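> Sequence first, predicted model second:
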Amino acid sequence: MWDLCTNALDTARLRGAAYGDVRVMHLRQRDLTTKNGQVGTLSQSESVGLGIRVLADGAWGFASTDRLTQDGVATCAAHAVSIAKASALAKRGEVVLAPEQAYVDSWQSPFRKDPFEIPLETQLALLLAADAEMRRVKGVTLTETDMQFRKIDSWFASSIGSRIHQRKVISGCGIAATSFQGQEIQKRSYPNSFGGQHALQGYELVDSLDLMRNAPIIAEEAAALHSASQCPEKIGTLILGASQLGLQIHESIGHPIELDRVLGQEANFAGTSFLTLDQLNKLQYASTIVNVVADARLDHGQGLGTFAYDDEGVPAQCTDIIKAGKFRGYLSNRETAHLVGLDRSSGTMRTESWNRLPIIRMTNVSLLPGTWDYDDLIADTNDGILMETNRSWSIDDRRYQFQFSTEIGWEIKAGKKVRMLKNPSYSGITTEFWNSCDAICKFDHWTLWGTPNCGKGQPMQTMGTGHGASPARFRNVRIGTAFSNQ
Amino acid sequence: MKSATKSKRVSAFASELLPERELRRIADTVLRLAKFTAAEETEVHVDEVANALTRFANNAIHQNVAEHGLTVSIRTVTDGRTARATTNRFDEDSLRSTVEASLSLAHSQPKIPNLLPIPGKQRYRRVNRFIKHTAALSAEDRARAVRRACDLAVKKGQVAAGIFSNGQSQSALANSRGLFAVYRETHSEFSITMQEGSAASWAKANSADVRAFDPQKLTARAGEKAHLAVNARELAPGRYTVILEPAAVLDLVGFLFYDFSATALADKRSCLNERMGKQLFGQNISITDDVYHSLQQGAPFDGEGVPRQRVVLVDRGIPKNLVYSRAAAKAAHKQPTGHGFALPNEYGEAPMNLVFGGGDSSIEKMVASTERGLLVTRLWYIREVDPYEKVMTGMTRDGLFLVENGHVTGGVRNFRFNQSLIEMLKNVELLGPAVRATGEEAFEMVVPAMKVRNFHFSEVTKF
């Protein structure tokens, strides 16, 4: 693979590129699903190819190919340079890259069980057994299960001399029960909605989930939701379960701190951000108990945003985003770092595949644990609503106003969960919401959740991001608006 | 783009995709290799893309990409079981390994009840959606058009961001019972956001033929609307009469497409469960699925190679028909409609070429007939809140305007909506001509602008 990289970089240089970086990637994926006791999807795929990004005439060009011959690669590299020269027809300044060292390294994400070595029969048997457990519950009308495994090898080389090989093994697994009764569809998912939990782990992730114990629990909840009370509409106290809080972090902290959005580079598609450059180190983003980091290091955990180097050859880092409630940092790359006074990229350039340009992406954007025991938090809440497991999510294109709904809610009265609520939802303005946080649970309740489906960029790229969170409490939140019909 | 393109360049660029005979050769190789295995039946898809996209922001190009790729996806059937394996390497050894991988996957599962044999030869209606001018558009052509758009923005004191893309793709589907289907098309798209201070507006077009739209006109339109949106005022949330431009209509009604899947009804996750044949929408709402419509794109066959049919889904407000894959059709004692996804999958089928019936009201006429209402350019981040009542939430974006006494009187801060699509399609007062619309939430469809009463905005944001 290194020969192909060298060929691409040499061709680019000879054609006039001042800088180039190239990625050869080999992606393998296995997908298994069941529905109502039968196998749904059963497929595997592999994709291998090369993408090269170059700076020529002060502008960017990128081209990719799956024709991995010396001729194919050289043609692709020459194409990238010609595209960069075309870009220069509509440039308004020179691209300046923050300095970075050259690295020669090889890294593999840790895993205990290679999911591609586990017999398919074993994997399907578990999914079908969990599916059967859910179908045992009266009132359940649809059962779904899934597993997804990926193994990604990437060979990165740049014209400053880096040669970095990384191998990542990613696993995902989840189950869901749906119940249609009367005029209503209710659904419960485990351990999270939209495919379950996803992490930079091997098959040990699946082993840890205990699907068989949880399948009947969510099935019964899905059926019971029909007779639960409607979540009231009010301003009140809200406790978010950890997975829902992970998505709240993703949407209302993770995206607005992306420096490409802040600088208007996503204005046409993903949107911009309320976190204009003048807000850095000044904005009271959240209450003083809130601390958020963007941490791609393995020390943070085996999340979907964990790696050794980003796709620009910058080592994984931990960046303070919110410290004691104050806004402290953005996600940057080598091109944008200097615009916020940094002398180095924060290492967040990531690409979905060999045929996509690396762009600024969340790594693991996590809320650091607080001090509360979960039972104490519930006991301390006189009147509130606990919401768990995301059902819908939406936020404006500058990341101010959001609305989320969850699969299930629980009314809390005098420190106790007293009854199930259906159709829970809440909404608010990002900074007002985070400033209303008055309790965060401790590390015992903290999970590094994986969001596998973050869409951004044109052509669209889907990326996995990590979000560590433990349950937390928020005061004076607008609750129930989604189902209000005033 | 109306600029002429030299024919010599056209033929050179168009040859980037493999000739049909090469697709057939790859497919034949797979079918030949599979004969020496335990596969009783084999199906192969060969898909090739060559795409390019120029992205600009802050009045300059900042990303500019091109890709080429070919995938071979193989489904085998053995002993009542089936599975799929896909590769992008098409040398004989790789294809052989992929056939074996597919078989290995298939063997790992229990027998599939009622697994149908693969279909035999089919006849397809020809559609021509490969436009040489689109295929020939170069990075320089796109850059010059972007430069003109950015220059216009600079001249007006505005900031432009957007994309200009073009590409070509082809798909071949063959199976061991002699079925062979092939299709190729081109696509092009220009999208622009013009920003003036904190105000913004947007325009976008998409076509197989890059000459069908003019980037300069789209730029000018977005620029004029951005200027009109300056100093947006805040209004109270509530129920408003809205005039939804086609892109806003598309991104909302696009969420209905899977509800017309027979499998979705069988799984009881469609909003049409127990509602087929009833007056669900207003009598002015009719919807067909029609891949052959002149403004549509896509192959005339489905994931199993069944010819796509035109299906009337909603007739004057009454849901009349669903679409069926072969398996769903057999279960329901119906005929397949050519809307199945590639097997194996759990979703069955869906109509992907929706065409709404239109009317004769221009947006200007809708505005003129409105005493007080809101003109909506575009919607954003739409998600389903209630799957049965089809309540959707989302935001307005890039151009929300107040209409008073028949005139657009200025910009309005963006609202969040929580609105049932079923209710909305009962409340349509006027329809514009149906056009090919393109947004960001749904795939392209043919829809009209709509004037809708009592649209529910629940909250307001800060801009």
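Arrived safely.

> And the helices in the chain?
You didn't say which chain, so I picked chain A. Here chain A has its helices, by DSSP state H, at A:2-14, A:70-87, A:120-135, A:204-209, A:211-224, A:242-249, A:259-262, A:374-379, A:430-435.

> oops, chain B please
Under DSSP H, chain B gives helices at B:7-14, B:20-35, B:92-107, B:132-136, B:139-155, B:215-228, B:246-253, B:262-266, B:326-332, B:363-368, B:421-424.

> Would you mind finding the most buried of those helices?
For the helices of chain B, the largest average neighbour count (mean count of other Cβ atoms under 10 Å in any protein chain shown) is found in helix B:246-253, namely a mean of 27. C-betas here are computed from N, CA, C, even on glycine.

> Quickly note the distance from residue B:407 to chain A.
If you measure residue B:407 against chain A using Cβ to the nearest Cβ, to the nearest Å, the figure is 27 Å.

> I meant residue B:141, not that one.
Separation of residue B:141 from chain A (Cβ to the nearest Cβ) stands at 9 Å.

> pLDDT below threshold where in the chain?
Since no chain was named, I'll use chain A. Across chain A, the ranges flagged by pLDDT under 70 are A:485-486.

> not quite, I wanted chain B
Applying pLDDT under 70 to chain B flags residues B:1-15.

> 90 - rerun?
Counting by pLDDT under 90, chain B shows low-confidence ranges at B:1-16, B:113-114.

> which residue does it bring closest to chain A?
residue B:346 (2.9 Å; Cβ to the nearest Cβ).

> Go ahead and confirm that residue touches residue A:144.
Yes: under the criterion of Cβ atoms under 8 Å, residue B:346 makes contact with residue A:144 at 7.2 Å.

> Break chain B into its domains for me.
Following automatic domain parsing, chain B resolves into domains at B:7-212, B:231-463.

> So stretch B:252-263, near chain A or not?
No: Stretch B:252-263 stays clear of chain A (Cβ under 8 Å from any Cβ of the partner chain), getting no nearer than 9.3 Å.

> ends of that stretch, how far apart?
Chord length of stretch B:252-263, first to last residue, is 22 Å (Cα to Cα, to the nearest Å).

> Off-centre distance for it?
Averaging C-alpha positions (Cα atoms, centre = their mean, to the nearest Å) puts stretch B:252-263 13 Å from its chain's average.

> Same check on stretch B:214-231?
How far stretch B:214-231 lies from its chain's middle: 24 Å, per Cα atoms, centre = their mean.

> who's in contact with that stretch?
With Cβ atoms under 8 Å, 6 or more residues apart in numbering or on different chains as the contact definition, stretch B:214-231 has outside contacts at B:1-2, B:145-146, B:148-149, B:152-153, B:156, B:158, B:160, B:164, B:190, B:192-197, B:199-205, B:377, B:399-401, B:408, B:410-411.

> and these, which are buried?
B:1, B:145-146, B:149, B:152-153, B:156, B:158, B:160, B:164, B:190, B:192-196, B:199-205, B:377, B:399-401, B:408, B:411 (16 or more other Cβ atoms under 10 Å in any protein chain shown).

> Residue 231: neighbouring residues, count only.
No chain specified, so I'll use chain A. 25 (other Cβ atoms under 10 Å in any protein chain shown).

> That was the other one, I meant chain B.
10.

> Tell me how far the nearest residue to residue B:385 once chain neighbours are set aside lies from residue A:405.
Using Cβ to Cβ, 6 or more residues apart in numbering or on different chains and skipping the chain neighbours, the partner closest in space to residue B:385 is residue B:391 (4.3 Å). According to Cβ to Cβ, to the nearest Å, residue B:391 and residue A:405 sit 10 Å apart.

> more neighbours, the two?
For residue B:391 versus residue A:405, neighbours defined as other Cβ under 10 Å are more numerous around residue A:405 (29 against 24).

> I'd assumed residue A:425 was in contact with that one.
Yes: under the criterion of Cβ under 8 Å, residue A:405 makes contact with residue A:425 at 3.8 Å.

> so what sits against both of the two?
Common contacts of residue A:405 and residue A:425 (Cβ under 8 Å, 6+ apart): A:392, A:482, B:385.

> Same list (those) but as a markdown table, adding distance to residue A:279.
Compiled in a markdown table, these are given as follows (distance: Cβ to Cβ, whole Å):
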| residue | distance to residue A:279 |
| --- | --- |
| A:392 | 28 |
| A:482 | 29 |
| B:385 | 31 |
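
> What subset of those is buried?
The buried subset of the shared contacts of residue A:405 and residue A:425 (16+ other Cβ under 10 Å) comprises A:392, A:482, B:385.

> what about residue 167, neighbour count?
All of this is about chain A. A count of nearby residues for residue A:167, using other Cβ under 10 Å, gives 14.

> I was thinking of chain B, sorry if that wasn't clear
21.

> Quick check: bridge partners of the residue lying closest to it once chain neighbours are set aside?
Nearest residue to residue B:167 in three dimensions, chain neighbours excluded: residue B:51, at 3.3 Å (Cβ to Cβ, 6+ apart). Applying DSSP bridges to residue B:51 yields these beta-bridge partners: residue B:67, residue B:167.

> Next one: residue B:51 from residue B:207, what distance?
As judged by Cβ to Cβ, residue B:51 and residue B:207 stand 15 Å apart.

> Next up, the contacts around the residue nearest to residue B:167.
By Cβ under 8 Å, 6+ apart, the contact list for residue B:51 reads A:459, B:66-67, B:165-169.

> isn't residue A:316 right up against residue A:307?
Yes: Residue A:316 lies in contact with residue A:307 (Cβ under 8 Å); the separation is 5.6 Å.

> for residue 311, what are its contacts?
In the absence of a named chain, chain A is used. A:23, A:154, A:156, A:349-351, A:358.

> switch to chain B, that's the one I care about
Residues in contact with residue B:311 (Cβ under 8 Å, 6+ apart) are B:288-290, B:321-323, B:337, B:339, B:351.

> Show me which residues of the stretch 201-350 of chain A sit near chain B.
By the rule Cβ under 8 Å from any Cβ, the part of the stretch 201-350 of chain A lying against chain B is A:263-269, A:271, A:274.
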